[in-house]
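Participant: Sequence unavailable; structure follows:
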């Protein structure tokens, strides 16, 4: 296969609200190779979910989206509704954070998966039924035929997330976008879901965009990592490189802020990032991290750092990159 | 922190059952939320209570704080039995313990300023009057790292981390002997979590209160706690000093929990063997007979049929306060290992 499956270039998203505009995403670029797991990491409000939603045009009408999102040569931002409908749910599908609210409580889960299959694949009712059972089996739900007849409230959180993944995989998508798929789940259940995602990538070759705030999840499953801050990309590198040689002070801060099981730093302190995430109401004309950064200097306050490569395959948007 | 001092909190055989579905006069089904939990907390000690959703850890916290009345068992605070005290009877004890809730968005009254919220316990307990209240509030704001002007703001004007600091200031305003912290950082962003955890550790070291720290996150518990209790489906399965628990976890559930927690280091994370538990936590309405963990235990076959017939008691396996409730763990015998020893992980995480 040649070239990336999905290419996002200079994507900007602005919401115009009564209190002025909010620049949720600013000139974001991503590229996703087939079979790749791309981790997008950041804290709340960094624009990671908005980036994902804008890829498939799921943002509300108030959003002003500019830039380009190309999927296999098709420009999604300019695509017509019917073109988009052929891609969304079929080629690119979504798994959301809340397995509680993303299933319809009044329909049996089997019926809900069936609906997706019939919409996109033109399957007969009987064929769709059978496929539902296959899918539930694929995501390791025990006794799939019986589970398909149950309502969402009869399933546990982990089971519901598996149903969501089964639904997303129904049409053999090339890309699965998973927005915090394990955040609402317990760790032992999370471990199972991560194993499942890995298995699906290996068996079906699905490329995955994994959006998360959890660096541990990224360390577990991602091939490549993008760190976002205040609507922009702060750093991007293959996973091993990023964790071994983080360059952006924000990435370094995030890594130091996580208490680690088994780490010796028990009597030490966790690294804090002073201050708070800036408001996105106006585009800063300086480095968005400057007010929280120990390395900030005059240049940081007067220019916006552009993304540049500082090590092989490792880009960072900072004037003073480096480990420590 | 001497072992002989009277414990600040003693919980003995705590049971809390809820009835669901029935009509007036009974007939409902019983949820066995907490089913016989005992532990104590020494002065100045931080005890971590870890478990997944549905384990009953929050219910234990609410019973200790008497937001729930226990079904059975006793709770002693500074030696006084508070298990069945009335609201009025509890009042003098209320200033000895305080709780910080998980969600800083819903646990602060939106119609009060942050200063009023923090000052309220002071007024109710008659610990300060008029100007004195405000002076104390300023001190408390300072102690939790909030600018004192913020006391005139309403909770919605503050960020999540700031709100949690307000909750902490309110809890500490009465100078409690026991702080109950129910997942105080899990609703916060990573970088904010770090500062709240650092703050809690500093305050605990300065003020010396005891703390029941309830969390699902092992790494956080390891950072903050002296001893750790692990709960599963309403029971304690393991209780040990921190180093001991993380270096030599005994109960298969504790081992699974430790191995499932993700480590933010790809090299370690990808090279460890995980114990993936089958299935989900069973319903507390009909908990499994015998050992409650048996339906998910990878070693169930080794202890069957005892596992279905007998409930494993919590026994001290080292003689030094490492308590485990498992049929396969005996004093003097090594516990069965499910994954590589977490000690190796600790070594690898150091550099």
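Facilitator: Okay, I see it. Since we're looking at a predicted model, the values are computed, not measured. Numbers count the residues shown, from 1 in each chain, chains lettered A, B, ... in the order given.

Participant: from here on, contacts and neighbour counts on C-alpha atoms
Facilitator: Fine.

Participant: what ranges do the helices span in the stretch 1-150 of chain A?
Facilitator: Here the stretch 1-150 of chain A has its helices, by DSSP state H, counting those that start in this stretch, at A:48-55, A:81-87, A:109-121, A:125-138, A:144-147.

Participant: Ok, which of these comes nearest residue A:196?
Facilitator: Proximity to residue A:196, assessed across those by C-alpha to C-alpha, is greatest for helix A:125-138 (9.0 Å).

Participant: what sits against residue 107?
Facilitator: Picked chain A for this. A:151-152 (C-alpha atoms under 8 Å, 6 or more residues apart in numbering or on different chains).

Participant: wrong chain, I was asking about chain B
Facilitator: Residue B:107 makes contact with B:101, B:167, according to C-alpha under 8 Å, 6+ apart.

Participant: what helix or strand is it on?
Facilitator: Here residue B:107, judged by DSSP states H and E, is contained in no helix and no strand.

Participant: rewinding a little: most packed of the helices of the stretch 1-150 of chain A?
Facilitator: helix A:48-55 (a mean of 22; mean count of other C-alpha atoms under 10 Å in any protein chain shown).

Participant: Low-confidence stretches in the chain?
Facilitator: All of this is about chain A. Chain A contains residues with pLDDT under 70 at A:1-2, A:261-267.

Participant: Wait, chain B was what I had in mind.
Facilitator: For chain B, the stretches with pLDDT under 70 are B:1-4, B:24-26, B:334, B:339-351.

Participant: So which residue of it lies furthest out from the middle?
Facilitator: Distance from the C-alpha centroid of chain B, by C-alpha atoms, centre = their mean, peaks at residue B:131 (35.8 Å).

Participant: quick one: contacts for residue B:78?
Facilitator: B:6-9.

Participant: Let me know the closest of those to residue A:294.
Facilitator: When those are ranked by distance to residue A:294 (C-alpha to C-alpha), residue B:8 comes first, at 42.3 Å.

Participant: And the residue most central in space within chain B, which helix or strand is it part of?
Facilitator: Nearest to the geometric centre of chain B sits residue B:214, at 2.0 Å (C-alpha atoms, centre = their mean). Secondary structure from DSSP H and E places residue B:214 in strand B:210-215.

Participant: Does anything pack onto the following helix or strand past that strand? Which helices or strands?
Facilitator: Per DSSP H and E, the first helix or strand lying C-terminal to strand B:210-215 is helix B:218-224. Identification of packing neighbours for helix B:218-224 by 3 or more C-alpha pairs under 8 Å, 6 or more residues apart in numbering or on different chains; DSSP states H and E yields strand B:46-50.

Participant: Name the residues that touch the strand it packs on?
Facilitator: Applying C-alpha under 8 Å, 6+ apart, the set of residues contacting strand B:46-50 is B:41, B:57, B:210-218, B:221, B:224-231.

Participant: packing partners for the strand holding residue B:214?
Facilitator: Looks like strand B:210-215 contacts strand B:29-41, strand B:46-50, helix B:57-64, strand B:178-182 (3+ C-alpha pairs under 8 Å, 6+ apart).
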